[in-house]
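S.K.: Have a look at this prediction, sequence included:
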2 protein chains.
Amino acid sequence: MARVTLQTIADRLGVSRATVSYAFSRPDQLSDGLRRRILEVADELGYAGPNPTARSLRLGRAGALGMIFSETLAYAFADPYAVGFFQGLATAAEDAGVGLCILPLPHGDRRSETVRDAVVDSFCVMSLPDGHPALAEVFARKLPVVMVDEPYVPGHPFVGTDEPTAAATAARHVLELGHRRVGVAMVGLHDDGYTGWASQERQESALFEAMRRRRGGYQRAFEEAGVDWSGVPFYEVARNTRAAGKKAGHALLGCDPRPTAILTNTDVLALGVLDAASDLGLDVPGELSVVGFSDSAAEDAGLTTIRQAKREMGEATGRLLLSGAAAKPERLIFPHELIVRTSTAPPPRSPRR
Amino acid sequence: MARVTLQTIADRLGVSRATVSYAFSRPDQLSDGLRRRILEVADELGYAGPNPTARSLRLGRAGALGMIFSETLAYAFADPYAVGFFQGLATAAEDAGVGLCILPLPHGDRRSETVRDAVVDSFCVMSLPDGHPALAEVFARKLPVVMVDEPYVPGHPFVGTDEPTAAATAARHVLELGHRRVGVAMVGLHDDGYTGWASQERQESALFEAMRRRRGGYQRAFEEAGVDWSGVPFYEVARNTRAAGKKAGHALLGCDPRPTAILTNTDVLALGVLDAASDLGLDVPGELSVVGFSDSAAEDAGLTTIRQAKREMGEATGRLLLSGAAAKPERLIFPHELIVRTSTAPPPRSPRR
DNA sequence: TTGTATGCGTTATCAA
DNA sequence: TTGATAACGCATACAA
């Protein structure tokens, strides 16, 4: 009973392969009695049902949507923004009755052909740095692709946020509250593992387009408000974790003069900054204002943040891919919204030193 | 340029299909010049590379691991326990260089053949209620399967927690603190959407094995402590959300006499109970102790809980499936641990009424 | 180093 | 209602 196929069953019953196929895939094309007999024998022989791969080959469809992240999967699933997006994407897949295939990319010197070998009908590519080799592999497959957040490839469908405007909104919020000594903590600019102060040049040459533009939004808001951007302490961290945020917070709060407000490009980082403030006994928002980004972990902590429609973005991406509309190079920019909670307030009148 | 295959390229160059195949899959079997020419023509013709489905059929492997939940995917991704498990599973898939294919199950009257059609080499089945039809569909595929948490199917590999003991540990904790008026809030016993008080009979007939056993652990601890279980108010909710936990909290805290401690079977529910306590102006843990489960959302809130090794469980499941060891009916029970934080304390001396 | 032939397990077409 | 045949696109044993 090594391998039982349609043919095995056909032979056993003295009918043709096609007939057996009908018994499984087109029940209405067969007399009831014969069908029952076929199913019976199939069961008896331990037939596992029509082989999905063969079926897929014949039918020309995989029944699955491929999803690609730049980071390790453990990291991706630890990111509330990504998980939120995921919820939406999964919902779309669910509605269409197709699988959602998460494709790990090789990291370090590990080798892997997942993109080349993935049995999928389309790809969702999220947050890949400029020039990442996986992007070329994806395009080589000549399947529908939707890019999410970054990179934007002209001529291809894209789903994302108006990064500069969203970031500027966050920055303007603290500037309008009256803050003039503002620090910035960002993650996801480069993928070289660097954590520390980032020069203007390093900021501008960020590998990840979305974060690069987000940073540009901060700068623009400062310039429009007539606040000197070059004096803004800018701390970059390598990983989007609370611990990294705390480290950034301590670095920034150690500046002289100490910032009265800190902008971060993720909520997770912002939580870490709050930890640092707490370590130093600083009152938030009395002595320090903190702004997050994406509203993915902000509510309980009372964090002011920029809300993004992560779930809707995921769902839209899925529908684009599954409806075949991904053929057209649509560009879907989802709205964002400043959510003011209790982590921001005007700066103290005479700040402690 | 409808469809370009190996044959198209072979014809164009006047070589055989096999030669072209070699150019892609066995570069060493070919002269460098010919290989380059082939690749060139392939590029020119817009060849997308060897068709993964055909390749998969020929090779007899899919290069993907299938994953099944009982809930909608949006719900699964909102559950921190599931996401934690996922991190581990994804890590294993990543290490093995295979895809992780999430397979939505049909819900409501929706029809879907995802399990039957999934191009995967094995299945991970998580938290399916007893008798769920998807389980039969999975077994019909005759592929390696690992069940996680529930149901346990004798003769098949299983990864889970010692539910009764873990639950008893949680219950014993509050009993040993001196609580005698304890309420219980649980989710995931049935899938009929019911929210409200649950009779003893309804508790015992819970559809989900893990939660049924977890509840049994609570009861056992009470009986061993000589506390009357039948007097324990037991509130059941349909969804694992903070809002549902809050509702349960209000119901339980409305009892007379009011419980001085509440056990919940998820952290998310416990957070909701804390919300309810806050609504009523109850001090935690001064006037009310709360215990969660799984340590998935507990830390910030200072919640006492049972820590489960979700990520390790996911990784172990993946390795079982990917190493081929899933052939043996291994039964991996992962350790749990009571984490005491600041949501539990002895009951008040003379509790308010 | 390259070509030939065959099989992987289905399903669709068309004829009986 | 059922059967024969031809794809689907590829990889491999074997021969040249």
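M.R.: All right, it came through fine. Numbers count the residues shown, from 1 in each chain, chains lettered A, B, ... in the order given.

S.K.: For whichever residue of the stretch 151-300 of chain A sits closest to chain B, list the residues it contacts.
M.R.: Nearest residue of the stretch 151-300 of chain A to chain B (C-beta to the nearest C-beta) works out as A:D300 at 6.6 Å. All C-beta spots, glycine's among them, are computed from the backbone N, C-alpha and C. Counting by C-beta atoms under 8 Å, 6 or more residues apart in numbering or on different chains, A:D300 makes contact with B:D300, B:A301.

S.K.: now the residue nearest to A:A118 when sequence neighbours are not counted, what's its secondary structure?
M.R.: In this structure, A:A118 finds its nearest non-sequential neighbour in A:G66, 4.9 Å apart by C-beta to C-beta, 6 or more residues apart in numbering or on different chains. Look at A:G66: counting by DSSP: H, G, I helix; E, B strand; the rest coil, its state is strand.

S.K.: burial measure for A:G66, as a count.
M.R.: By the criterion of other C-beta atoms under 10 Å in any protein chain shown, A:G66 has 28 neighbours.

S.K.: for A:E113, same thing?
M.R.: Using other C-beta under 10 Å, A:E113 has 12 other residues around it.

S.K.: correct me, but the residue nearest to A:A118 touches A:L103?
M.R.: Yes - with contacts counted by C-beta atoms under 8 Å, A:G66 reaches A:L103, the gap being 5.3 Å.

S.K.: okay, now A:Q200: neighbour count?
M.R.: Using other C-beta under 10 Å, A:Q200 has 12 neighbouring residues.

S.K.: about what we covered before: got any residues that touch both of A:G66 and A:L103?
M.R.: Contacts common to A:G66 and A:L103, judged by C-beta under 8 Å, 6+ apart, are A:V115, A:A118, A:V120, B:G99.

S.K.: Let me know the pLDDT of the second one.
M.R.: Translated: A:A118. Note on A:A118: pLDDT of 97.

S.K.: list the contacts for it?
M.R.: A:G66, A:C101, A:L103, B:P52, B:G63, B:A64, B:G99.

S.K.: gap between the one residue sitting closest to the centre of chain A and B:M126?
M.R.: The residue lying closest to the centre of chain A (C-alpha atoms, centre = their mean) is A:A82, at 3.8 Å. Using C-beta to C-beta, to the nearest Å, A:A82 is found at 20 Å from B:M126.

S.K.: residues in the stretch 1-150 of chain A within reach of DNA strand D, list them.
M.R.: Neighbours of DNA strand D within the stretch 1-150 of chain A, by C-beta under 7 Å from any atom of the strand: A:14-19, A:22, A:29-31, A:34-35, A:54, A:57-58, A:60.

S.K.: Of these, which ones also sit close to DNA strand C?
M.R.: With the criterion set as C-beta under 7 Å from any atom of the strand, the members of these near DNA strand C are A:R17, A:A18, A:A54, A:L57, A:R58.

S.K.: can you pick the most crowded of these?
M.R.: Greatest neighbour count in those, by other C-beta under 10 Å, goes to A:L57: 21 neighbours.

S.K.: what separates it from A:R111, distance-wise?
M.R.: Going from A:L57 to A:R111 by C-beta to C-beta gives 26 Å.

S.K.: Please apply the same query to A:Q203.
M.R.: A:Q203 sits 33 Å away from A:R111, going by C-beta to C-beta.

S.K.: Would you mind telling me which of the two has the busier surroundings?
M.R.: Of the pair A:Q203 and A:R111, A:Q203 is the one with more neighbours under other C-beta under 10 Å, namely 21 against 7.

S.K.: my read: the residue nearest to the centre of chain A touches A:C124, true?
M.R.: No - taking contacts as C-beta under 8 Å, A:A82 lies outside contact range of A:C124: 11.6 Å.

S.K.: The spatially closest residue to A:A221 that is not a sequence neighbour and A:Y81: what is the separation?
M.R.: Counting by C-beta to C-beta, 6+ apart, A:A221 lies nearest to A:A171, which is 3.6 Å off, once chain neighbours are set aside. Applying C-beta to C-beta, the value for A:A171 to A:Y81 is 19 Å.

S.K.: who's in contact with the nearest residue to A:F69 once chain neighbours are set aside?
M.R.: Nearest-residue entry for A:F69: A:A76, 4.4 Å, with adjacent residues in sequence omitted and distances by C-beta to C-beta, 6+ apart. A:A76 makes contact with A:F69, A:A82, B:A90 under the criterion C-beta under 8 Å, 6+ apart.

S.K.: try A:A251
M.R.: A:A251 makes contact with A:G196, A:W197, A:P233, A:Y235 under the criterion C-beta under 8 Å, 6+ apart.

S.K.: Give me the buried stretch members for the helix or strand it falls within, please.
M.R.: Element membership of A:A251, judged by DSSP states H and E, is helix A:242-253. By 16 or more other C-beta atoms under 10 Å in any protein chain shown, the buried positions in helix A:242-253 come out as A:R242, A:A244, A:G245, A:K246, A:K247, A:A248, A:G249, A:H250, A:A251, A:L252, A:L253.
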